[in-house]
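Enquirer: need a 3D model of the sequence below.
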Amino acid sequence: MIITKVKVIHFVPVTCNMVKGLMPWKVSNARRLADPTQKTDCGYKSGARLCISMDSWWAAFNYHLSAMPFLAAIDSGIMGISPENVTFLPPSKDQMNFCYTISSCRSSFPEAMKKWNEFYQHIQSPSSGFEDLLKYLWAAHASSLEMAHKNFDNRLKCYSKQEADFANNWALFVDYLAPPLFPTTLTRTHEFQKGLPTRILVSGDETHFIGDFTNFQNIVLFALSFLHKVHKYTVPVGIPVEAPHIRVPCVGVGPQPQVVGGQNKQGLKVGGASMSRDSWKEGRG
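Expert: Residues are numbered from 1 along each chain as shown. Have a look, this model is predicted:
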């Protein structure tokens, strides 16, 4: 990336910043950006832990939720940078699924760029309130996610069924956060993000009873899975629902890493009550 000039913009304090609230888990959970095919050590302890794999579903989505908004901010004039002075370097594959300049983003993803630009225009308006900004932020966020789904959902075949299910469940949950205009401030999202998994799920992880996850993390996985089931069986006719995850061989996939810490023998604590793995199986049968 080439940037020749940057203008300092004084946004609201970081704890109230609605954009920064979307970032902590994505930044701190770098292992989710690792190579799902395991052809390389990109993102793993044995290699470059901060490496971002070109095959990562999560990384591709993050690009649409970070690089594109950044270019749209420049396009809006809020950063005081000339559009001609910023260019991203393309990856070695799937080049057509990304954009690298403001003009290429406008051409490839016009609706998403339009919505991000509208968000930044309203940031600069003295009459814009917090609720108004949230409305435009979520509209832009949803538009970027829609484009990412179209271009990159085929990458989920490179993951275990558990991780692919979690990715779909998480994306659906974000869709449900948009209509009520969930305030994505750093303070509001920090506590919730403690419940998100800290590593890629692997085959052998028994969802909701993962030994190296906290009770809160297991509860969140259970809740996201439950939301997806409710959505699937109550969604009105005509609205598409994701197809079941089918394990299609992904080129270069190596053996799945072993589950760390084994299964959680003590079960899952919900609402102050303890639920064993066996009793939960009986209850869901």
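
Enquirer: from now on I want contacts and neighbour counts done on CA atoms only, so please keep to that.
Expert: OK.

Enquirer: low-confidence ranges in this structure?
Expert: 1-30, 46-47, 236-285 (pLDDT under 70).

Enquirer: strands along that one, start to end?
Expert: With strands called from DSSP state E, the chain shows them at 268-270, 273-275.

Enquirer: buried residues in the longest helix along the chain?
Expert: Criterion DSSP state H: the longest helix present in the chain is helix 130-152. Under the neighbour-count criterion of 16 or more other Cα atoms under 10 Å, helix 130-152 has 133-149, 151-152 buried.

Enquirer: cool, and stretch 35-46?
Expert: Neighbour counts over stretch 35-46 (16+ other Cα under 10 Å) mark 35-38, 40-44 as buried.

Enquirer: how about CSV for those, with distance to T184 added?
Expert: What follows is the buried residues of stretch 35-46, written out as CSV (distance: Cα to Cα, whole Å):
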residue, distance to T184
D35, 28
P36, 29
T37, 32
Q38, 33
T40, 34
D41, 33
C42, 30
G43, 27
Y44, 29
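
Enquirer: just give the number of residues close to the closest residue to I219 other than its chain neighbours.
Expert: Leaving aside its chain neighbours, I219 sits nearest to H208 (6.4 Å; criterion: Cα to Cα, 6 or more residues apart in numbering). With neighbours defined by other Cα atoms under 10 Å, the count for H208 comes to 23.

Enquirer: show me what contacts H208?
Expert: Contacts for H208 (Cα atoms under 8 Å, 6 or more residues apart in numbering) come out as 218-219, 221-222, 268.

Enquirer: hey, where'd the helices end up in the stretch 1-150 of the chain?
Expert: 24-28, 57-64, 67-76, 102-108, 110-123, 130-152 (DSSP state H, counting those that start in this stretch).

Enquirer: now for those helices, which one comes closest to V235?
Expert: For those, the distance to V235 is smallest for helix 130-152, at 18.3 Å, taking Cα to Cα.

Enquirer: which secondary structure elements does that closest one contact?
Expert: Counting contacts by 3 or more Cα pairs under 8 Å, 6 or more residues apart in numbering; DSSP states H and E, helix 130-152 is packed against helix 57-64, helix 110-123.

Enquirer: could those be laid out in CSV, adding distance to K194?
Expert: Shown next, in CSV, are these (distance: least, Cα to Cα, whole Å):
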stretch, distance to K194
helix 57-64, 18
helix 110-123, 28
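
Enquirer: of the ones you listed, which approaches K93 most closely?
Expert: helix 57-64 (11.8 Å).

Enquirer: quick one: that closest one to helix 110-123, angle?
Expert: 60 degrees (axes from the mean of the first three to the mean of the last three Cα atoms, to 10 degrees).

Enquirer: now helix 57-64 against helix 67-76, angle please.
Expert: Going by the same axes, to 10 degrees, helix 57-64 makes 0 degrees with helix 67-76.

Enquirer: neighbouring contacts of helix 57-64?
Expert: Taking Cα under 8 Å, 6+ apart as the rule, helix 57-64 contacts 26, 32-33, 52-54, 98, 144-145, 147-149, 152-153, 155-156.

Enquirer: 7 Å instead?
Expert: Helix 57-64 is touched from outside by 32-33, 52, 144-145, 148, 152, 155-156, with contacts defined as Cα atoms under 7 Å, 6 or more residues apart in numbering.

Enquirer: tell me the angle it makes with helix 130-152.
Expert: Using the same axes, to 10 degrees: helix 57-64 against helix 130-152 is 130 degrees.

Enquirer: follow-up on the earlier one: tell me the one of the contacts of H208 nearest V174?
Expert: Lowest distance from V174 to the contacts of H208 (Cα to Cα) belongs to L221, with 13.9 Å.

Enquirer: got the contact list for the closest one?
Expert: Contacts of L221 by Cα under 7 Å, 6+ apart are H208.

Enquirer: relative to A67, how far out is it?
Expert: 28 Å (Cα to Cα, to the nearest Å).

Enquirer: could you do Y176 as well?
Expert: Y176 is 24 Å from A67, where distance means Cα to Cα.

Enquirer: the two: who's more crowded?
Expert: A67 (17 against 13).

Enquirer: report the separation between that one and D35.
Expert: Distance, A67 to D35, using Cα to Cα: 20 Å.

Enquirer: tell me the contacts of E118?
Expert: Taking Cα under 7 Å, 6+ apart as the test, what E118 contacts is Y136.

Enquirer: re earlier: which one of the helices of the stretch 1-150 of the chain lies nearest to V230?
Expert: It's helix 130-152; of these, that one is closest to V230 (Cα to Cα) at 20.9 Å.
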